[in-house]
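K.L.:
Predicted model and sequence below, questions to follow.
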Amino acid sequence: MAEYGFRKRKKVCRFCEAHVDYIDYKDERLLRRYVTDRGKIVPRRISGNCALHQRGVTNAIKRARHMAILAFQSDSIR
Amino acid sequence: MRRYETTFIVNPQVDDAAIDRQVNAVIDLIKNNGGQILRETRWGTRRMAYPIAGLTQGFYASIVFDGENQVLPVLERHYQLEEPYIRYLTVRFEGSLEQPETVGQHDAFEAGESREGGGPGYRGRREGGWRGGRPEAPPRAPENVPGDKQEEEL
């Protein structure tokens, strides 16, 4: 064991920690943390969210995109 | 009776009175259909993330209300018939009215980790992975954790 850098650390869903039960699509700053520079949704593998909250984030991002709060793709690509 | 939230964008190029009229029209429509307004938020004119119908800015407003589901098609029809609405979204309201309206500033867990600050973030696999190093990068030198030592001795 103890090969540096390969020890698995347990990721904890940050929404569970903060007891968030609804992720608002209007909360642009929060959602920005869960999209890449290109505007893609950050996968669960990276974000560390639990399934429930990742779904909430995904849903919120999609709603935010519809309302032009978040971009579908980044300006630099367009 | 259910709790809904309807958000819409009005063309900001019409005059202020007209914007006001459009917002009030939605409110009246809800009220006339037996709904009850719980919260009305006018975010004001803000830049949209992408241009819609040649416009780069839009006047945002959102309304939380209790109402019967018959209101929804009425609302939808209103949005579609009237010119100045450029986007709308009506969803079940599952948030809490006690919490302050979020509108792009509130953060569920404020911790000074905003991505704009150049902090760590994930760019996506094809764009080079992590920016600014993995946030939870393990330490370079092994720490003297008692548990580790025991295992090494074994």
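P.N.:
Nice, thanks for sending it over.

K.L.:
Low-confidence stretches in chain A?
P.N.:
Applying pLDDT under 70 to chain A flags residues A:1-11, A:75-78.

K.L.:
Relative to chain B, how far out is the most centrally placed residue in chain A?
P.N.:
Centroid-nearest residue in chain A: A:Tyr34, 2.7 Å away (criterion: C-alpha atoms, centre = their mean). Distance of A:Tyr34 to chain B, computed by C-beta to the nearest C-beta, to the nearest Å: 9 Å. All C-beta spots, glycine's among them, are computed from the backbone N, C-alpha and C.

K.L.:
Quick check on that residue: phi, psi?
P.N.:
Phi and psi for A:Tyr34, reported as degrees, to the nearest 10, are phi -110, psi 20.

K.L.:
thought it was touching A:Asn59?
P.N.:
No - using C-beta atoms under 8 Å, A:Tyr34 makes no contact with A:Asn59, being 11.4 Å away.

K.L.:
tell me what the one helix or strand A:Arg55 maps to is packed against?
P.N.:
If you go by DSSP states H and E, A:Arg55 is part of helix A:51-66. Using 3 or more C-beta pairs under 8 Å, 6 or more residues apart in numbering or on different chains; DSSP states H and E, the elements in contact with helix A:51-66 are helix A:14-17, helix A:28-32, helix A:44-47, strand B:85-92.

K.L.:
how far is it from where the chain is centred?
P.N.:
From the chain centre to the centre of helix A:51-66 is a distance of 8 Å (C-alpha atoms, centre = their mean, to the nearest Å).

K.L.:
Please apply the same query to stretch A:62-73.
P.N.:
Relative to its chain's centre, stretch A:62-73 lies at 14 Å (C-alpha atoms, centre = their mean).

K.L.:
what's in contact with it?
P.N.:
Residues outside stretch A:62-73 that contact it (C-beta atoms under 8 Å, 6 or more residues apart in numbering or on different chains): A:25-26, A:28, A:31-32, A:35, A:38-39, A:61, B:7, B:9, B:48-50, B:52, B:58, B:60, B:87, B:89, B:91, B:104.

K.L.:
Quickly check: the helix or strand hosting B:Gln22 near chain A or not.
P.N.:
Assignment of secondary structure by DSSP H and E places B:Gln22 within helix B:16-32. No - using C-beta under 8 Å from any C-beta of the partner chain, we find that helix B:16-32 stays clear of chain A, coming within 15.2 Å at best.

K.L.:
State the phi and psi torsions of A:Ala18.
P.N.:
Dihedral angles (degrees, to the nearest 10) for A:Ala18: phi -90, psi 0.

K.L.:
List the buried residues in the host helix or strand of B:Pro73.
P.N.:
B:Pro73 is part of helix B:71-81, with elements assigned from DSSP H and E. The neighbour-count check on helix B:71-81 (16 or more other C-beta atoms under 10 Å in any protein chain shown) flags B:Val71, B:Leu75, B:His78, B:Tyr79 as buried.

K.L.:
Show me which pair in the residues you listed is furthest apart.
P.N.:
Greatest spatial distance in the buried residues of helix B:71-81: B:Val71 and B:Tyr79, 12.2 Å, computed using C-beta to C-beta.
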